[in-house]
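S.K.: what follows is a predicted protein model with its sequence.
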Amino acid sequence: MRVVAALGGNALLRRGDKPDARIQIANVERAAGQLARLARDHELVVTHGNGPQVGVLALESANDDRLSEPYPFDTLGAQTQGMIGYWLLQALRNELGQREVAALVNQTRVRADDPAFASPTKFVGEVYDEATARRLARERGWQVRADGEHFRRVVGSPEPQEVVETETVRALVDAGTVVICAGGGGVPVVRDEAGRLTGVEAVIDKDLTASVLARALGADALLILTDVDGVLTDFGTPSQQRLSRTTPDVLRSMGLPAGSMGPKVEAVSRFVEATGGMAAIGRLEDATRLLTGESGTLVTQDGSRHEPRAA
Ligand SMILES: Nc1ncnc2c1ncn2[C@@H]1O[C@H](COP(=O)(O)OP(=O)(O)O)[C@@H](O)[C@H]1O
Ligand SMILES: NC(=O)OP(=O)(O)O
């Protein structure tokens, strides 16, 4: 099978952890162990989040007195692709031995008139208490929003239209290479009438980009690997329960939050509707079991178990 797996930013840097490289590398090594199990049996493309990491780099850049202005978010996004891509590349090579692995810096085209630029929803960086978040917003011109019981900075997150380097990714996967790409949803760019690309200030949702890429590559399965068991009904209450098998319609009717589970549900729904393939949301630790429906939330057109096409 051809599998596109999206690795959550929180799997690399857990809420409340210090963003030290050492801590993130240990998390990446754990993730690579699970991803390698997928790669041994399947063609694999890995995308990864960058919300916590791009926020750290943005803060560092804003605090650097030598700069006349902070680095823009497209440049910061490319930095996170290099950093996280390098960690994953090394960890996956260490797991997989002779198998070729590549990490790409890549661009994702968005629309310049996307309304998301005016209404930021994408959480970046660390969590703050409300008073600190509001002070930072005043001092630095940030927008902040509640993220569970904490507050975090938010930036615009336009819809991914296409991964600019899709054909490069396809050539590598066709050749048997494990490809790490579309990190942080891809570096956001717009294309002008002459066809030239320019970066824009945004952070794209990596789950939505993974869905766009999975469709373009003709993937059989899209896996969203995160820190919860799957999509939970009555989330956050004592009666919460995992949906084990479901459909795009049921997921969409749940009205899940824009900054977390909402884009995951939209990403899997679009993939399943467009391809008739299967998608799943669940824990990174359960990556291989998500494909068989033994763990997580399996999403198919009719909510039944999906028999993948033979390779
Ligand atoms: N109905 C729900 N079921 C499961 N998780 C939910 C639900 N609603 C919100 N969430 C939140 O979504 C989070 C996963 O989204 P996110 O933090 O963006 O993950 P990642 O960084 O792994 O991509 C969970 O940790 C959980 O707090
Ligand atoms: N860019 C992105 O979607 O990052 P997270 O997964 O960390 O939110």
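M.R.: Okay, I see it. Keep in mind that this is a model prediction, so the values were computed, not measured. Ligands and ions are numbered 1, 2, ... in the order given.
S.K.: can we go C-alpha only for contacts and neighbour counts from here?
M.R.: Noted.
S.K.: any regions of the protein where pLDDT drops low?
M.R.: Judged by pLDDT under 70, the chain has its weakly predicted residues at 305-311.
S.K.: residues in contact with the residue in the stretch 1-150 of the chain that ligand 1 sits nearest to?
M.R.: Closest residue of the stretch 1-150 of the chain to ligand 1, Cα to the nearest ligand atom: residue 8 (3.2 Å). Residue 8 makes contact with 48, 49, 224, 225, 226, 227, according to Cα atoms under 8 Å, 6 or more residues apart in numbering.
S.K.: you'd agree residue 102 is up against residue 175?
M.R.: No - with contacts counted by Cα atoms under 8 Å, residue 102 stays clear of residue 175, the gap being 11.5 Å.
S.K.: ok, these two, which is more surrounded?
M.R.: Each of residue 102 and residue 175 has its neighbours counted (other Cα atoms under 10 Å); residue 102 has more, 20 against 11.
S.K.: and the more buried one, that's in a strand?
M.R.: Yes - under DSSP: H, G, I helix; E, B strand; the rest coil, residue 102 sits within a strand.
S.K.: report the beta-bridge partner residues of it.
M.R.: Beta-bridge partners recorded for residue 102 (DSSP bridges): residue 179.
S.K.: quick one: residues contacting it.
M.R.: By Cα under 8 Å, 6+ apart, residue 102 lies in contact with 89, 177, 178, 179, 180.
S.K.: does any part of the helix or strand the first one falls within sit near ligand 1?
M.R.: Put plainly, it is residue 89. Using DSSP states H and E, residue 89 sits in helix 73-96. No - counting by Cα under 6 Å from any ligand atom, ligand 1 has no neighbours in helix 73-96; the shortest distance is 13.9 Å.
S.K.: also stretch 280-294?
M.R.: No - applying Cα under 6 Å from any ligand atom, one finds stretch 280-294 out of contact with ligand 1, separated by at least 8.6 Å.
S.K.: so is that stretch next to ligand 2?
M.R.: No - using Cα under 6 Å from any ligand atom, stretch 280-294 stays clear of ligand 2, coming no nearer than 12.9 Å.
S.K.: can you give me how far that stretch is from the chain middle?
M.R.: Centroid separation between stretch 280-294 and its chain, computed with Cα atoms, centre = their mean, to the nearest Å, is 16 Å.
S.K.: swap in stretch 52-70?
M.R.: Taking Cα atoms, centre = their mean, one finds stretch 52-70 lying 22 Å from the centre of the chain it belongs to.
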